[in-house]
Structures are given as C-alpha cells and as structure tokens.
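# structure for the following, please:
(one chain, ligands or ions: 1)
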Amino acid sequence: MRQLRYDELTVSVAPSAEAAGAAAAERFAAAVRAELATVDTGDAVAVILATGNSQFGFVRAVRERDDIDWSRLVVLHMDEYAGMTADHSASFRRWFADQLLPYVTPREFHGIRGDHEPVEEELARYSKLLADLDPAVCVMGIGENGHLAFNDPPADFDTTALVHLVDLDDACRRQQVGEGHFPSLAQTPTQALSLTVPALIRPRTVLVVTPEARKAEAVRAALEGPVTPDCPASVLRTVGHAQLFLDEESAGTLRDQVA
Ligand SMILES: O=P(O)(O)OC[C@H]1O[C@](O)(CO)[C@@H](O)[C@@H]1O
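Predicted coordinates:
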C-alpha cells in the first residue's frame with residue numbers, strides 16, 4: 001500500500017476497493033482494542049460507522065474479523081433521510097440491518113429515526129446520545145460532491161451542534177439515483193438528519209474509506225484544493241488523527257503524489 005501525506009492527513013492507497021476496506025478494518029480493530037484497554041473491563045466503547053456503497057469493502061472485512069469484541073461496542077451511525085422508514089430499501093438503518101447486524105452483535109446499535117416526528121425531538125435525542133457516549137472512533141466515506149455524511153457543500157465547519165437537519169443538493173441526490181437507491185430525482189428525499197462536521201471529526205480516530213473512480217474528482221479537490229466548506233472533505237487535512245483509505249481508481253487523478 002502506498003502512503004501519502006497531505007498536511008495533517010495520512011493517505012493510504014490500496015490496489016483495490018476490497019483491499020482499502022480491509023486495511024481500514026484492520027486499523028479499526030486496532031483502534032477499538034486500544035480504546036477498550038483504557039476503560040474498565042466490561043465497559044463499552046462507542047463508535048460511529050457509515051453506510052453506502054463505499055463502505056462495502058470495510059463492512060465485509062470488519063464483520064469477518066475475529067479480533068473485535070463487539071459485545072463491548074456501542075454502534076452509532078451518521079445520517080438518515082428525513083421521513084425515511086427503517087424498512088425502506090434506501091434506509092441507512094436498513095443498511096445496518098442487512099450488512100452488519102446479521103453478522104456481529106454489538107452491545108447496542110442506535111439508529112437515527114428519520115421518520116420520527118417532530119424531527120427536532122430526534123435531533124435532540126441523537127445529540128444527547130453522542131454527547132453522553134463520546135464516540136472514540138468514526139469510520140466514514142466521501143460523497144461524489146465531497147460531502148462527509150450528509151454535509152453537502154458549503155458545509156458548516158464551526159457549528160456547535162452535533163446533529164442537524166440538512167438540505168440535500170442535486171449532486172448528492174443524483175448520486176443516490178445513480179446508485180439505484182431511488183428511481184428518479186423527484187422521488188429522492190430533499191432533507192436528511194446528519195451528524196455535523198465537528199461531530200464526525202471529534203472521535204480520537206477517524207478512518208475514511210473512499211474507493212472508486214467516481215470519487216476521484218472529490219478526492220483530488222479535498223487533497224489538492226484549498227481547505228474550504230465548498231469541499232467538505234478538505235477539512236480532513238486539518239485533523240491530525242484521520243487516515244484516508246483510497247484505491248488506485250479514487251487516487252487516479254492526484255497530481256501531487258506527496259510521499
Ligand atoms: O458510499 P457512498 O454512497 O458513496 O457515500 C459516501 C458517504 O455518503 C453517505 O452515504 C451519505 O451521506 C455516507 O453515509 C457515506 O459515508
């Protein structure tokens with residue numbers, strides 16, 4: 001795996017999406033073991049995990065590992081469409097029900113109830129969970145528009161909120177149609193509940209898994225462009241405890257291969 005560095009950010013380039021996910025899963029397992037060693041025996045550690053096609057390599061690798069004590073992990077996630085029921089095929093809670101929970105049994109899994117009314121109550125509930133559990137590790141992806149969770153550009157880097165209601169931009173919504181989650185743009189939700197950028201980068205270990213050629217432009221902007229809310233993922237270059245896992249395709253347009 002090639003190692004690059006952009007400002008404070010370590011970037012690892014794996015030969016394939018599967019290898020990038022496996023490398024992130026190995027780092028995740030090590031970070032979890034280190035965190036568990038710092039708490040009392042029997043106590044749990046909270047982690048934030050992402051969903052989406054970019055996370056398949058990671059989730060497939062992490063659920064097969066035998067060195068993660070899931071009984072001592074509390075799993076949170078980072079976003080859900082507003083109004084979305086948990087059984088809809090595009091629901092991010094459904095993603096966990098399909099991709100992770102049949103394979104491993106965390107002590108607790110807390111889904112974001114996108115369909116809860118009023119939405120302010122759900123934002124407050126999830127914000128309190130995050131504040132109380134203080135997650136130690138976050139694993140996420142980068143969207144085609146450079147977003148982190150559902151923080152589309154321009155993202156708020158300075159908010160003191162942990163979870164907020166956001167409008168989804170057309171690029172983000174088009175990606176969801178392109179991936180087959182919704183039949184058309186008109187049927188794609190326009191709002192979501194999302195962890196904020198400060199909440200996503202607050203954990204002591206931040207692992208970002210972003211394979212595939214369709215992410216290459218967002219990756220190039222995040223690493224080689226300015227650090228700006230117009231490219232939300234560029235904030236990762238200011239985070240000393242983050243590591244980005246690419247494959248050769250998503251790293252394919254990087255001009256300055258900084259060793
Ligand atoms: O994996 P995808 O679908 O490319 O998405 C990248 C990021 O966007 C989201 O799917 C939606 O915000 C995140 O959960 C994920 O980390």
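# now the stretch 151-259 of the chain against the ligand: closest residue?
Nearest residue of the stretch 151-259 of the chain to the ligand (CB to the nearest ligand atom) works out as residue 179 at 5.9 Å. Heads up, the C-betas are built off the backbone N, CA and C, glycines and all.
# for the nearest residue to residue 60 once chain neighbours are set aside, give me its contacts.
Computed as CB to CB, 6 or more residues apart in numbering, the closest residue to residue 60 that is not its neighbour in sequence is residue 21, at 6.5 Å. Shown in contact with residue 21 (CB atoms under 8 Å, 6 or more residues apart in numbering): 55, 56, 57, 58, 59, 60, 61, 209, 211, 245.
# which entries within the residues you listed meet the buried criterion?
Among the contacts of residue 21, the ones that count as buried by 16 or more other CB atoms under 10 Å are 55, 56, 57, 58, 59, 61, 209, 211, 245.
# any chance of the backbone angles for the closest residue to the ligand within the chain?
Taking CB to the nearest ligand atom, the ligand has its nearest neighbour within the chain at residue 52, 2.4 Å off. The phi/psi pair for residue 52 (degrees, to the nearest 10) reads phi 100, psi 160.
# tally of neighbours for the closest residue to it other than its chain neighbours?
Ranked by CB to CB, 6+ apart and with sequence neighbours excluded, the top spatial neighbour of residue 52 is residue 141, at 5.4 Å. Residue 141 sits with 23 neighbouring residues when counted by other CB atoms under 10 Å.
# closest to residue 5 among the buried ones among the contacts of residue 21?
Nearest to residue 5 out of these is residue 245 (CB to CB; 13.9 Å).
# residue 10: what secondary structure?
The three-state label given to residue 10 by DSSP: H, G, I helix; E, B strand; the rest coil is strand.
# who does the closest residue to it other than its chain neighbours bridge with?
Closest residue in space to residue 10, ignoring its immediate chain neighbours: residue 243 at 4.7 Å, by CB to CB, 6+ apart. Counting by DSSP bridges, residue 243 forms beta bridges with residue 10, residue 207.
# count the residues that sit near residue 243.
Residues within reach of residue 243, counting by other CB under 10 Å, total 20.
# if we can go back for a sec, tell me how far the residue of the chain closest to the ligand lies from residue 79.
Computed as CB to CB, to the nearest Å, the residue 52 to residue 79 distance reads 9 Å.
# poorly predicted segments of the stretch 1-150 of the chain, please.
Applying pLDDT under 70 to the stretch 1-150 of the chain picks out no residues at all.
# again with the stretch 151-259 of the chain
Along the stretch 151-259 of the chain, segments meeting pLDDT under 70 span 256-259.
# settle it for me: which of residue 52 and residue 79 has more neighbours?
residue 79 (24 against 21).
# can I assume that one is in contact with residue 192?
Yes - the criterion here is CB atoms under 8 Å, and residue 79 meets it with residue 192 at 5.5 Å.
# which residues do these two both contact?
Here residue 79 and residue 192 have residue 150 as joint contacts, going by CB under 8 Å, 6+ apart.
# who in the stretch 1-150 of the chain is up against the ligand?
Within the stretch 1-150 of the chain, the positions near the ligand by CB under 6 Å from any ligand atom are 50-55, 78-79, 140-143, 147, 149-150.
# closest to residue 65 out of the residues you listed?
Checking those against residue 65 by CB to CB gives residue 55 as the nearest, at 15.1 Å.
# ok, that closest one - contacts?
Residue 55 neighbours (CB under 8 Å, 6+ apart): 21, 49, 99, 139, 141, 209.
# what about these, which are in helices?
Counting by DSSP state H, the contacts of residue 55 place 21, 99 in helices.
# for residue 30, state which of the contacts of residue 55 is nearest.
Among the contacts of residue 55, residue 139 lies closest to residue 30 (CB to CB), at 12.7 Å.
# just the strands in the chain please.
Using DSSP state E, the strands of the chain run over residues 2-6, 9-14, 45-49, 73-77, 79-81, 108-110, 137-140, 163-167, 191-195, 205-210, 242-247.
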